[in-house]
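1. Predicted model, plus sequence, below.
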Amino acid sequence: MKRVTQGLDGVVVATTRLSEVDGTNGRLIIGGFPVEELAPHARYEEVLFLLWHDRLPNAAERDALASALIEQRALPDATLWLLHAAARTGVEPMDALRMGIASLTPAAADVGDRAALERVAVSLVAAFPTVIATYWRSRLGLNLPPLRRDLGHVAHYLWLLTGVEPDPAVVRALETYCNTVVDHGLNASTFAARVIVSTQSDMCSALVGGIGALKGPLHGGAPGPALDMVFELRERAACSGRSLAEEADAHVRAVVGSGGRIMGFGHRVYRVRDPRADVLGAAAVLLAERAGDAQLFADARTVEAVTLRVLRECKPDRRLDTNVEFYTALLLHGIGLPTELFTPTFALARSGGWTAHVLEQLGDNRLIRPAAQYVGTRHSHWPHAA
């Protein structure tokens, strides 16, 4: 019997130049750059170009890509109708995003035509902000503000959601987030996208598969619960008269004791602190200081410190450090996004990585077709008819 690796842990199935996840040393490289150098400084359009072309763009190339994204922001009437219907019926945001992207029909592109494939990638990445905002505004009973040509990809997303001129500091914070999570090795959603396109299916189908995988709470669906825990503990402390640290200690011990999981802590790959947590934590601090509202961040740091201490006491044989979800929640909350849009915003950011992996897969494609170890019976017989 062949050795079975559950969850494909440690199994190398592809080579990539897009990102390196070093779980032992807590390091993330995106397109050759340490995430802490790239994310706080680059525009999202620059990171897209980097992932698609393996180099940073010059000013003209960056502006050309930004203009191409602007040209593709409008959605077809059928997609708009579908999103409004989804809003009326109370469809969950990630389901609405999946439906909206699935309804798009980009021009067909031959798998060997790189330029045509990139045009498809542009059209899909450009659609994510408009799809999310159209659904969300419709759910609130609001019309979408007019599309603009003077705002970058990330700033335009904020404009569409709020109809308010985006604050440059908030744009920078969200851009830092998008750059930080744009790609992360062969994670579940990226692997799903590569499997789909390896059949020579279309790029839109691959991204829809990525959205479906990202929806799961074990992958992209946990930032909301991580923030909910902080709010719940603050409320308990206010009602009980105990300190926030005492409430956090009791909560973590109860969850761990019952076999539960503390969202925002621990990672499948990282055996030390997730480097993305530090990048997003620094961005959250800057945002909180600028807004003059540092209390939530201070309380979150208290909850984080207590959680780490208790986890090390209760599970000394496991490394359960802070992961990207914890500070994602703080940063996106500080930006003003509702928790329901945390995972769709993650998908918006990750769409750049998904398209880059699709392009990479098609550049040297082989159908991804792993084997399974059969453990069922081999001696059953069909029952005779009466």
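-> Great, that's in hand. Residues are numbered from 1 along each chain as shown.
2. For residue 253, give its distance to residue 306.
-> Distance, residue 253 to residue 306, using Cβ to Cβ, to the nearest Å: 10 Å. Any C-beta I mention is one placed from the backbone N, CA and C, and that applies to glycine too.
3. Who has more neighbours out of those two?
-> Higher neighbour count among residue 253 and residue 306: residue 306, with 21 against 14, using other Cβ atoms under 10 Å.
4. That one in helix, strand or coil?
-> helix (DSSP: H, G, I helix; E, B strand; the rest coil).
5. Would you agree residue 376 falls within a strand?
-> No. Per three-state DSSP, residue 376 lies outside any strand segment and is coil.
6. How much space separates it from residue 8?
-> Taken as Cβ to Cβ, the span from residue 376 to residue 8 is 21 Å.
7. which of these two has more neighbours?
-> More crowded of residue 376 and residue 8, by other Cβ under 10 Å: residue 8, with 12 against 5.
8. Excluding sequence neighbours, find me the nearest residue to that one.
-> When the adjacent residues along the chain are set aside, residue 8 lies closest to residue 370, with 7.7 Å between them (Cβ to Cβ, 6 or more residues apart in numbering).
9. Next one: that neighbour from residue 201, what distance?
-> 18 Å.
10. Equivalent analysis for residue 302, please.
-> 48 Å.
11. Neighbour count: those two, which is higher?
-> residue 302 (19 against 14).
12. what helices or strands is the helix or strand encompassing residue 204 leaning on?
-> Taking DSSP states H and E as the criterion, residue 204 maps to helix 203-214. Secondary-structure packing of helix 203-214 (3 or more Cβ pairs under 8 Å, 6 or more residues apart in numbering; DSSP states H and E): helix 93-102, helix 114-139, helix 188-198, helix 342-363.
13. what residues are up against residue 155?
-> Neighbour list for residue 155: 166, 171 [criterion: Cβ atoms under 8 Å, 6 or more residues apart in numbering].
14. Take the helix or strand hosting it, keep the C-alpha atoms, and write them as PDB.
-> Following DSSP H and E, one finds residue 155 within helix 153-162. Output of helix 153-162 as PDB, limited to C-alpha atoms (Å, rounded to 0.1, in the frame of the first residue of the first chain):
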ATOM      1  CA  HIS A 153      -8.200  50.000  -8.200                       C
ATOM      2  CA  VAL A 154      -8.200  50.000  -4.400                       C
ATOM      3  CA  ALA A 155      -9.400  53.600  -4.000                       C
ATOM      4  CA  HIS A 156     -12.200  53.000  -6.400                       C
ATOM      5  CA  TYR A 157     -13.400  50.000  -4.400                       C
ATOM      6  CA  LEU A 158     -13.800  52.300  -1.300                       C
ATOM      7  CA  TRP A 159     -15.600  54.900  -3.500                       C
ATOM      8  CA  LEU A 160     -18.000  52.400  -4.800                       C
ATOM      9  CA  LEU A 161     -18.800  51.100  -1.300                       C
ATOM     10  CA  THR A 162     -19.300  54.400   0.400                       C
END
